[in-house]
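J.: next comes the sequence, and after it the predicted model I'd like to discuss.
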Amino acid sequence: NAGVTQTPKFQVLKTGQSMTLQCAQDMNHEYMSWYRQDPGMGLRLIHYSVGAGITDQGEVPNGYNVSRSTTEDFPLRLLSAAPSQTSVYFCASRQGTRSPLHFGNGTRLTVT
Amino acid sequence: GQQLNQSPQSMFIQEGEDVSMNCTSSSIFNTWLWYKQDPGEGPVLLIALYKAGELTSNGRLTAQFGITRKDSFLNISASIPSDVGIYFCAGLVGGSEKLVFGKGTKLTVNP
């Protein structure tokens, strides 16, 4: 039981490049979400999903796309990376509303 | 949207001292969670609170869900060096799937 797995751990992009941050969980959790963490800003919700085929925007969705074709996977796509997207990205999942979030170990993204 | 005000932003204490941090909001929350984050890792849940007035302990950690449902505090007793890290409060509004996080309290413990 690996929990929440994020890949890659580190990534450097040039402005305008695209990439997908991968997130997979093996706990059969319905709810999955993406957060970004910036110094002094805490964790801010980008997008979330309450089940396969259902996604919704969080607090800071601009510049990011998501899809949820399976229960296990919730990839985050940057279509045209910008320096403002330099951050640490965390994927998290939980079973139900009253269940706590389980976090992955993060992807550190630098956009130059 | 809902915002959580977490304080203090940082704390520098001596080993053995007690620590207290809190989160307040102008919004009412149905769930309060406290997480700890070590460098290079994701946050890990410490304590979950689901009812106003609830007081819950986890070893040397104690957290309370404020009676107004707009605040929560976390206490750490007899701190040790491994308590170093960033502590986050998080709240969930009833009927919402969005967990809102405070900006964190960075704790440094001097041996």
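T.: Sure, I can see it.
J.: ok, whichever strand or helix holds B:Gln6: who's next to it in the sheet?
T.: Assessed by DSSP states H and E, B:Gln6 sits inside strand B:5-7. Partners of strand B:5-7 in the sheet, by DSSP bridges, are strand B:19-24 (antiparallel).
J.: state the pLDDT value of B:Gln2.
T.: pLDDT recorded at B:Gln2 is 66.
J.: please apply the same query to A:Gly40.
T.: Note for A:Gly40: predicted pLDDT of 79.
J.: that one and B:Gly102 touch, don't they?
T.: No. Applying C-beta atoms under 8 Å as the test, A:Gly40 and B:Gly102 come out as separate, 11.6 Å apart. C-betas here are computed from N, CA, C, even on glycine.
J.: which ones are touching the residue nearest the centre of chain A?
T.: Geometric centre of chain A, nearest residue: A:Trp34, 3.1 Å, by C-alpha atoms, centre = their mean. When contacts are counted by C-beta atoms under 8 Å, 6 or more residues apart in numbering or on different chains, A:Trp34 touches A:21, A:23, A:45-48, A:58, A:64, A:66, A:74, A:76, A:89-92.
J.: next up, the contacts around whichever residue of chain B sits closest to chain A.
T.: Chain A sits closest to B:Gly42 of chain B, with a gap of 3.2 Å, by C-beta to the nearest C-beta. Counting by C-beta under 8 Å, 6+ apart, B:Gly42 touches A:Val4, A:Phe90, A:Ala92, A:Phe103, A:Gly104, A:Asn105, A:Gly106.
J.: isn't the fifth one up against A:Cys91?
T.: Okay, so that is A:Gly104. Yes. Between A:Gly104 and A:Cys91 there is a contact at 4.6 Å, judged by C-beta under 8 Å.
J.: what sits in contact with each of these two?
T.: Common contacts of A:Gly104 and A:Cys91 (C-beta under 8 Å, 6+ apart): A:Val4, A:Gln6, A:Cys23.
J.: mind checking which helix or strand the last one is in?
T.: Under the assignment given by DSSP H and E, the secondary-structure element containing A:Cys23 is strand A:19-25.
J.: returning to that earlier point: so which of the contacts of A:Trp34 are also by chain B?
T.: Near chain B, judged by C-beta under 8 Å from any C-beta of the partner chain, the entries from these are A:Leu45, A:Tyr48, A:Gly58, A:Phe90, A:Ala92.
J.: what about the fourth one, how many neighbours?
T.: Residues within reach of A:Phe90, counting by other C-beta atoms under 10 Å in any protein chain shown, total 26.
J.: mean confidence score for the helix or strand containing it?
T.: In this assignment (DSSP H and E), A:Phe90 forms part of strand A:87-94. When pLDDT is averaged along strand A:87-94, the result is 96.
J.: could you do stretch A:55-63 as well?
T.: Per-residue scores along stretch A:55-63 average to 94.
J.: quick check: buried residues in it?
T.: Residues of stretch A:55-63 classed as buried: A:Thr55, A:Gly58, A:Glu59, A:Val60, A:Pro61 (neighbour count, 16 or more other C-beta atoms under 10 Å in any protein chain shown).
J.: now do the phi/psi pair for the fourth one.
T.: Per-residue torsions, A:Val60: phi -130, psi 70 (degrees, to the nearest 10).
J.: and the contacts of the strand holding B:Gln6?
T.: So strand B:5-7 is contacted by A:Gly42, B:Met21, B:Asn22, B:Cys23, B:Thr24, B:Ser25, B:Phe88, B:Cys89, B:Gly102, B:Lys103, B:Gly104, B:Thr105 (C-beta under 8 Å, 6+ apart).
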